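Colleague: When you get a sec, could you give me coordinates for this:
(2 chains)
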Number of protein chains: 2
Amino acid sequence: MLRSYAQLVTLLSATKALALFPDCSSGPLKNETICDSSATPLDRAKSLVALYTLEEKINATGSTSPGVHRLGIPPYEWWNEGLHGIAGPFTNFSDSGDYSYSTSFPQPITMGAAFDDQLIKAVATVISIEARAFNNANRTGLDFWTPNINPFRDPRWGRGQETPGEDPYHLSSYVHALIAGLQGDSSDPYKRVVATCKHYAGYDMENWNGNFRYQFDAQISQQDLVEYYLPSFQSCARDSNVGAFMCSYNAVNGVPTCADPYLLQTILREHWGWTNEEQWVTSDCDAIQNVFLPHQWSSTREQAVADSLIAGTDLDCGSYMPNHLPGAFAQGLVNETVLDQALVRQYSSLIRLGWFDAPEKQPYRQLDFSDVATNASQQLAYRAAAEGIVLLKNDGLLPLTIDSSTSVGLFGEWANATDDLLGNYYGVATYLHSPLWAAEQLNITVNYASGLGSSSDPTTNFGWMSVWPAAAASDVIIFISGITNDIEAEEKDRVSLSWTGPQLDMIGQLAGLGKPMIVVQMGGGQLDSSPIVNNPNISALLWGGYPGQDGGVAIMDIITGKAAPAGRLPLTQYPSSYTNEVPMTDMSLRPGPTSPGRTYKWYNGTAVFEFGSGLHYTNFSASVNRGLESSYDISELMSTCKQSNETYPDRCAFTPSPIQVEITNIGTTSSDYVTLAYLTGSFGPAPYPKKSLVAYQRLFSISGGSSDIAALNLTLGSLARVDMKGNKVLYPGEYSLLIDN
Amino acid sequence: MLRSYAQLVTLLSATKALALFPDCSSGPLKNETICDSSATPLDRAKSLVALYTLEEKINATGSTSPGVHRLGIPPYEWWNEGLHGIAGPFTNFSDSGDYSYSTSFPQPITMGAAFDDQLIKAVATVISIEARAFNNANRTGLDFWTPNINPFRDPRWGRGQETPGEDPYHLSSYVHALIAGLQGDSSDPYKRVVATCKHYAGYDMENWNGNFRYQFDAQISQQDLVEYYLPSFQSCARDSNVGAFMCSYNAVNGVPTCADPYLLQTILREHWGWTNEEQWVTSDCDAIQNVFLPHQWSSTREQAVADSLIAGTDLDCGSYMPNHLPGAFAQGLVNETVLDQALVRQYSSLIRLGWFDAPEKQPYRQLDFSDVATNASQQLAYRAAAEGIVLLKNDGLLPLTIDSSTSVGLFGEWANATDDLLGNYYGVATYLHSPLWAAEQLNITVNYASGLGSSSDPTTNFGWMSVWPAAAASDVIIFISGITNDIEAEEKDRVSLSWTGPQLDMIGQLAGLGKPMIVVQMGGGQLDSSPIVNNPNISALLWGGYPGQDGGVAIMDIITGKAAPAGRLPLTQYPSSYTNEVPMTDMSLRPGPTSPGRTYKWYNGTAVFEFGSGLHYTNFSASVNRGLESSYDISELMSTCKQSNETYPDRCAFTPSPIQVEITNIGTTSSDYVTLAYLTGSFGPAPYPKKSLVAYQRLFSISGGSSDIAALNLTLGSLARVDMKGNKVLYPGEYSLLIDN
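Modeller: Numbering: from 1, shown residues only, chains lettered A, B, ... in the order given. Below is the predicted model:
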């Protein structure tokens, strides 16, 4: 077996070859079906795989694929990242000039707060266009390990920042728009890039109290799976034609997900109909190793790769499969049919990306650096930040009136943030505009001092001193702080939801000066900001998440009224006591003896700020224009649905559809408005959720005294509840539609 | 109050002035008592403080002291670090040439494993000499926030690496030698530097499951305090004349230690007689703030600084006291007498360091860079590493026979370690000799591949591939891995004691090759190495901790037999299940319903390796030369003690003293030998510890067939037990003396 190692090590030098293409015009394959663009992708892929030896097939199961030199198949790197802009370990930015930067958008948690699916599709379109430009310059691949679409179940989760929030309907709608933006329309002849919905499933804990993601076994009821953990993945697979899935590190109900035929075959492929030849599953990076250790699901390394491949994992992010499949074949643990199936899926997908086709026929292959970081893309990054900022408290100080005589004190470790603006999984941004930078562009006096740092940093002590003269010289105090990836990160869950003692002390002292004061809370997971809410000397509180390359400008524009806030919290802000009330390992959504429940639907305590919270610089009124009837007959609804061509009853429209809600700006300041529609009522299996989001729409720039119409598309799925067995059912009962919180 | 802020900000520029001295020959103070070197330090300090205004006194309470310009008192930076070499936030290494490096010794956990107090004193002497040389070049101060002498109670503690281990007798003996080395002999006219015993008391948790060091309230019984948590501090204060103490972030039994008169006055000063005018207490950095928030012990900031100063905290590492004492005085919460007392202590200490005296009379003031990183110091750093390495398993492979035809495979993320060799709190080392570097100095073939990395690092996957050809080409496999400060660190406790899945997988695969294989376990807190112990294909296991600048050479010298291993584990290696059996917050030593007990004295499970474990390349026999009597009369022992001049009965010698133990090397390889002496028996209050270390002595280079004598000084304290109230008592009963494990 050792012989194959020497060969695999040659892959190392191949990792730089991100975007070489097979030569179908004059290469060895030119007369094979794989190079016949009139053939079906399935036939083309099968013809190629049939030419491979077993060793060549096995070598193709790792994410750094060596290709097959004798056939003119170049190496290919499957692993690329694109969470909020192109990024990742193998994306190659040049040191200067062309291809030295790209557009870096806010983290999904901030974009989720915009509740604007159009925005998400536009952002994803830019990311995939920039990816194509970089790919054409041999600087990235065409497959992206994005989106992270696990719901943000527990506020401690270190990677919750990578998701749009806690609500499964919101995630499903968001990810549908995102995949359309990344991959392009299904009618396009070529996919722009292939997106990968991850981490399937039940992955939302890094490392909490000895529970590592690599070995955690998530115990999830069938009801919670269908109702909460899977809808966003169903949206990916069934409703959005995503090209790839990623199975996760953890196990679900005893089985590591990458070796689980129930999740990968029964649910994903059979139940959701995700059976196109071009759709494939990759493991999370090194997750197949984890099937052996530490899960100990498979008793040997060879068994682990066989179990994973047979269960439906078609690609290994890593090298465990190419390393150990030779042994698995030697032991008869796996056959070539299942290996061929995996490879056909991979190559079908590359065919749909145009990998084998002549570049001159492919518009995406013509993109270059002039399509990267365009003015329009930069504006979009700014817009995404401005739309996602949430106003949580305002006694009337905001929007802040400034003129050349205004002196603003800017404090806190986020005030001069650079990389922190980007969160994680970021490439090289076009620029990094901190709040300080933005303030300095205004014609005002800015007195800046960070004032805080980690306690092991000697500036902790000494930084404080510089705050007081700066504060004394200021008319207005802006404190921008919170958490960063020092606290919430991959492999790092939080253990506390509190602002730190030093942060609260500085906030308290600054507030004690009695000057107008604004706090901006940053970071993905929420902090308990009740001390700020309850401090009468603090006029305003904003939440900004990780707002991306232009985040500082967006924050200052909101503060000064150049932009009006309309974002909504995409997750619950729990009181800090929450961490003592439920262990992170408890996956249940409903309250129980050892849990107060999770998300706005089930949490039975008093949130500091509820999901959907968000104030404006004006006031809005809402009225339902096209009325609902007072009662509906379930059998009629179902029979109408059956008469349509819709395969899945939960996607049938609930007529009248759309429900039209007229939103009127009854104040004077022009502002966007996010229409949130919830259903509530005592129907279906008890207990009942407090309410459930069933539709949302962002309306834009409604000026004072004007109105706009939100058109809310409800479906039968909006009305359904999930029973204990995981069935979605329409139940008789009283239903109420709530607009806004 | 704001006015004083503007003044304090000038301190920022003062932080560079580490070692300016008052001018007592021609400055404004030349005729004052402070400049009269024939006066007592107390009178001198009092005379200076009497010249200060209240504002000047208050400004002197922070660790970056601005001095008093009008009196010619220069700024002084109290905060310096010297854990295993000069280091710290304000130590100023030049970029190149003189003063660009110093000697970096192993972390205390490795030096603790040497069980060699002579070594510790020699190391501390070098550190303090190098500190003086740097001080003379205005590159560091003279006060050092070292040693960290909290016992290593729980294997998860992120800073346990900074301590010599888990045993209170060991710590007490170690710290006595250390302080003598750092400060010099008490008969010296000047102290070399001032050491600071920290963190007083009950501090040994960073951030476990939401319990932050800044707010944790350690519940400790009086028995455990006296028996376990305080002996090392008693050794510092009562027996070693340490110059300074540091109170800790945590609270003990409800009271934040920096505001606790019971700990700072009743125990430290009154009970232990630590009442010289030059002895002072500093807070941990920003700990006084924590008295207010998050402890909420004091209701206001002003009350917090008043409570801390009155309780006996004389200096604030940070700026909270200078910031808030003006308010505390305005509110009448504190008086000038207690402030004067703090300042007299500070300045008396500086007087004992020669700060006010003519440099030409002070040998320490003549030291310069030629006294730094001398050949002797480099050799000492090597010796400290070699003495601290522990051999845990050896089937006879070690010492490894090598010649020019030998091909060694070197794997694991520690194989090419650089800064990791140093742990934390390190300055610039003279060099960093990794195991790889050391191997390359031998006339052998070295095949190196790291092979591992963190999972977010793309080399994880790809690094593996390079391991196999390297392993295939090797006659012997050496795997050097474990944990680093990525896992155990300040503000970061561990949550698992296991090797990771990828580590165990690689170890298993390498062992599966069937070649001679050695594992070297690195890092401070122990890992459960039972999978290595139980793998018959792995011949040897070493533990190296954090071995410092020459650690790689020491490891390779032990492996190749150029040096013989004689270190002993200074802490228990628990099975990985231990973390599930007791929460880190449980401070009890004895087993209970929710704890299997702590340390080798009380743990009722089966350790993977016990405290004191350590093999040799030879065998030793021991015999007690000067016999013990079969029984002793307690009242006679006490009356003999009373007749001596000893103030503290527990320090009275237990005659015959010393007990002489003859150690014979009954093999052939010359080797050091650590004599460990334990007492065991059913005397005093139940339950009884399994055994208790009462003496140790390292013997050097005993050649095959030769003997040496260990002279073990037992005291009445060695025989005493601690009752529930914290009294040390001699009890009747059966006592047994055990030599070695």
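Colleague: What is the neighbour count of A:Ile310?
Modeller: For A:Ile310, the neighbour count with other C-beta atoms under 10 Å in any protein chain shown is 19. Backbone N, C-alpha and C define where each C-beta goes, glycine included.
Colleague: ditto for A:Glu581
Modeller: By other C-beta under 10 Å, neighbour count at A:Glu581 equals 16.
Colleague: Repeat that for A:Ser407.
Modeller: Neighbour tally, A:Ser407, other C-beta under 10 Å: 14.
Colleague: quick one, what contacts A:Ala511?
Modeller: Going by C-beta atoms under 8 Å, 6 or more residues apart in numbering or on different chains, A:Ala511 touches A:477, A:517, A:535, A:537-538.
Colleague: ok, it to chain B distance?
Modeller: 13 Å (C-beta to the nearest C-beta, to the nearest Å).
Colleague: Now do the contacts for the residue lying closest to that residue once chain neighbours are set aside.
Modeller: With C-beta to C-beta, 6 or more residues apart in numbering or on different chains as the criterion, A:Ala511 has its nearest non-adjacent residue at 3.9 Å, and that residue is A:Asn537. Taking C-beta under 8 Å, 6+ apart as the contact definition, A:Asn537 lies against A:511-512, A:514, A:517.
Colleague: Now the buried members of those residues.
Modeller: Neighbour counting by 16 or more other C-beta atoms under 10 Å in any protein chain shown classes A:511, A:517 among these as buried.
Colleague: ok, which pair from the contacts of A:Asn537 is furthest apart?
Modeller: Spanning the widest gap among those are A:Gly512 and A:Met517, at 9.8 Å by C-beta to C-beta.
Colleague: Spatially central residue for chain A, please.
Modeller: Closest residue to the average C-alpha location of chain A: A:Thr163 at 3.4 Å, with C-alpha atoms, centre = their mean.
Colleague: Which residues of the stretch 201-350 of chain A lie near chain B?
Modeller: For the stretch 201-350 of chain A, the residues in contact with chain B (C-beta under 8 Å from any C-beta of the partner chain) are A:207-212, A:214-215, A:285-286, A:289-290, A:292-294, A:301, A:317-319, A:323.
Colleague: quick revisit: would you point out the most distant pair within the contacts of A:Ala511?
Modeller: Taking C-beta to C-beta, no two of those sit farther apart than A:Ile477 and A:Asn535, at 12.1 Å.
Colleague: if you count what's nearby, which of these two comes out ahead?
Modeller: Comparing A:Ile477 with A:Asn535 by other C-beta under 10 Å, the one with more neighbours is A:Ile477, at 26 against 19.
Colleague: Identify the residues contacting the residue nearest to the centre of chain A.
Modeller: Counting by C-beta under 8 Å, 6+ apart, A:Thr163 has contacts A:108-109, A:112, A:148-152, A:171.
Colleague: Among the residues you listed, name the ones in strands.
Modeller: Using DSSP state E, no member of the contacts of A:Thr163 falls in strands.
Colleague: Sort out for me which of the residues you listed are in helices.
Modeller: Judged by DSSP state H, the subset of these located in helices is A:108-109, A:112, A:171.
Colleague: Okay, A:Val344 and A:Trp280: tell me how far apart.
Modeller: Distance of A:Val344 to A:Trp280, computed by C-beta to C-beta, to the nearest Å: 9 Å.
Colleague: who has more neighbours, the two?
Modeller: A:Trp280 (27 against 24).
Colleague: so that one sits right up against A:Asp314, yeah?
Modeller: Yes: judged on C-beta atoms under 8 Å, A:Trp280 makes contact with A:Asp314 at a distance of 4.1 Å.
Colleague: Pull up the overlap in contacts between these two.
Modeller: Common contact partners of A:Trp280 and A:Asp314 (C-beta under 8 Å, 6+ apart): A:342, A:345-346.
Colleague: that's a strand at A:Glu440, yeah?
Modeller: No: going by DSSP: H, G, I helix; E, B strand; the rest coil, the assignment for A:Glu440 is helix, not a strand.
Colleague: All the helices of the stretch 51-200 of chain A, residue numbers only.
Modeller: Applying DSSP state H, counting those that start in this stretch to the stretch 51-200 of chain A gives helices spanning A:54-59, A:108-113, A:117-136, A:168-183.
Colleague: Hmm, I typed the wrong one, I wanted the stretch 301-450 of chain A.
Modeller: Secondary structure of the stretch 301-450 of chain A, counting by DSSP H, counting those that start in this stretch: helices at A:301-311, A:320-330, A:336-352, A:375-388, A:435-441.
Colleague: What helices and strands are in contact with the first one?
Modeller: Pointing back at helix A:301-311 there. Packing partners of helix A:301-311 (3 or more C-beta pairs under 8 Å, 6 or more residues apart in numbering or on different chains; DSSP states H and E): helix A:287-292, helix A:320-330, helix A:336-352.
Colleague: which helices and strands does the longest one pack with?
Modeller: Think helix A:336-352. Using 3+ C-beta pairs under 8 Å, 6+ apart, helix A:336-352 sits against helix A:41-49, helix A:54-59, strand A:280-283, helix A:301-311.
Colleague: List the contacts of it.
Modeller: Against helix A:336-352 from outside (C-beta under 8 Å, 6+ apart): A:34, A:41-42, A:44-46, A:48-49, A:52, A:54, A:57-58, A:60-61, A:76, A:142-143, A:190-191, A:194, A:243-244, A:276-280, A:309-310, A:313-315, A:325, A:329, A:356-357.
Colleague: Could I have the buried ones of those residues as ChimeraX selection syntax?
Modeller: In ChimeraX, this line selects whichever of those come out buried by 16+ other C-beta under 10 Å:
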select /A:34,41,42,44,45,46,48,49,52,57,58,60,61,76,142,143,190,191,194,243,244,276,277,278,279,280,309,310,313,314,315,325,329,356,357
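Colleague: Which residues of the stretch 51-200 of chain A lie near chain B?
Modeller: Listed as neighbours of chain B in the stretch 51-200 of chain A under the rule C-beta under 8 Å from any C-beta: A:62-64, A:79, A:89-90.
Colleague: at 10 Å instead, please
Modeller: When proximity is defined as C-beta under 10 Å from any C-beta of the partner chain, the stretch 51-200 of chain A approaches chain B at A:62-64, A:77, A:79, A:88-90, A:156.
Colleague: tell me which of those residues is nearest to chain B?
Modeller: Chain B has its nearest neighbour among those in A:Pro89, at 3.4 Å by C-beta to the nearest C-beta.
Colleague: That closest one touches A:Glu81, doesn't it?
Modeller: Yes: judged on C-beta atoms under 10 Å, A:Pro89 makes contact with A:Glu81 at a distance of 7.5 Å.
Colleague: which stretch of helix or strand covers the spatially closest residue to A:Pro689 that is not a sequence neighbour?
Modeller: Distances taken as C-beta to C-beta, 6+ apart put A:Lys601 closest to A:Pro689, at 3.7 Å, once the chain neighbours are dropped. Assessed by DSSP states H and E, A:Lys601 sits inside helix A:599-602.
Colleague: Which SSE is immediately downstream of that helix?
Modeller: strand A:620-624.
Colleague: What strands line up against that next one, and which way round?
Modeller: strand A:659-665 (antiparallel) (DSSP bridges).
Colleague: Quick check: buried residues in the strand it pairs with?
Modeller: Using 16+ other C-beta under 10 Å as the test for burial, strand A:659-665 gives A:659, A:661, A:663-665.
Colleague: Pull the residues that contact that strand.
Modeller: Around strand A:659-665, the neighbours that count as contacts under C-beta atoms under 10 Å, 6 or more residues apart in numbering or on different chains are A:616, A:618-628, A:671, A:673-675, A:677, A:694-695, A:697, A:699, A:701-714, A:737, A:739-740.
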